[in-house]
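>>> Build me a model:
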Amino acid sequence: MGRDRIIPLSSAEDTVLAGRIIGSALTPHTVLALSGDLGAGKTTFVQGLALGLGHDALIQSPTFIYLNVYEGTILPLFHFDLYRMKTASDFLGLGFDEYFDKGGVCAIEWPEKIASLLPKSTLYLSFAHHPRGGRTLNLSGAFPEKLIESLSLCH
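Okay, here's the model as predicted:
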């Protein structure tokens, strides 16, 4: 627990599978900080995350509205895309910090916009394009070892 781990993801399907595996292991009040360049796989990962949380809705990035809420059979998913947000005080002004305590899972794309507001227990996932194709997923935070082992199914 607590060490950085890099998981190779050779396809979009692997990225969805990683999201599904992680989603199925999460508990209420989990905050996931998803970073990476445009097109690195953050929203694709959230599609799998939603499946793991019992959602069958079409998942799209809330780039222009900041937040999509999905009620599912296991836990609610609060999907933030803060790409267009200017400051952390804008996040507070919209009352979005209250979602950290709503009993669901917060998946936050572009978390660096609100880094000072993230709970200490936040789990960090960084997506990057791999030079030889596919992507890599770097996990940091207190991810259970069993979960890390399950992610070996993704490649």
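
>>> Would you mark the buried spots in the helix ranked longest in the chain?
Counting residues, the longest helix in the chain under DSSP state H turns out to be helix 12-25. Under the neighbour-count criterion of 16 or more other C-beta atoms under 10 Å, helix 12-25 has 14-24 buried. To be clear about C-beta, it is placed using only N, CA and C from the backbone, and glycine gets the same treatment.

>>> residues in contact with S61?
42-43, 46, 79, 81, 109 (C-beta atoms under 8 Å, 6 or more residues apart in numbering).

>>> any idea how far it lies from L147?
Going from S61 to L147 by C-beta to C-beta, to the nearest Å gives 25 Å.

>>> how about the helices in the chain?
12-25, 42-52, 88-93, 145-150.

>>> quick one: the second one to helix 12-25, angle?
Okay, so that is helix 42-52. Angle, helix 42-52 to helix 12-25, by axes from the mean of the first three to the mean of the last three C-alpha atoms, to 10 degrees: 50 degrees.

>>> and helix 42-52, C-alpha only, in CSV?
Coordinates of each C-alpha in helix 42-52 appear next as CSV, following Å, rounded to 0.1, in the frame of the first residue of the first chain:
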residue,chain,number,x,y,z
LYS,A,42,-9.2,9.6,-18.2
THR,A,43,-12.8,9.6,-19.5
THR,A,44,-12.3,6.1,-21.0
PHE,A,45,-11.2,5.0,-17.5
VAL,A,46,-14.3,6.6,-15.9
GLN,A,47,-16.5,4.6,-18.3
GLY,A,48,-15.1,1.4,-16.8
LEU,A,49,-15.3,2.9,-13.3
ALA,A,50,-19.0,3.5,-13.8
LEU,A,51,-19.5,-0.1,-14.8
GLY,A,52,-17.7,-1.3,-11.7
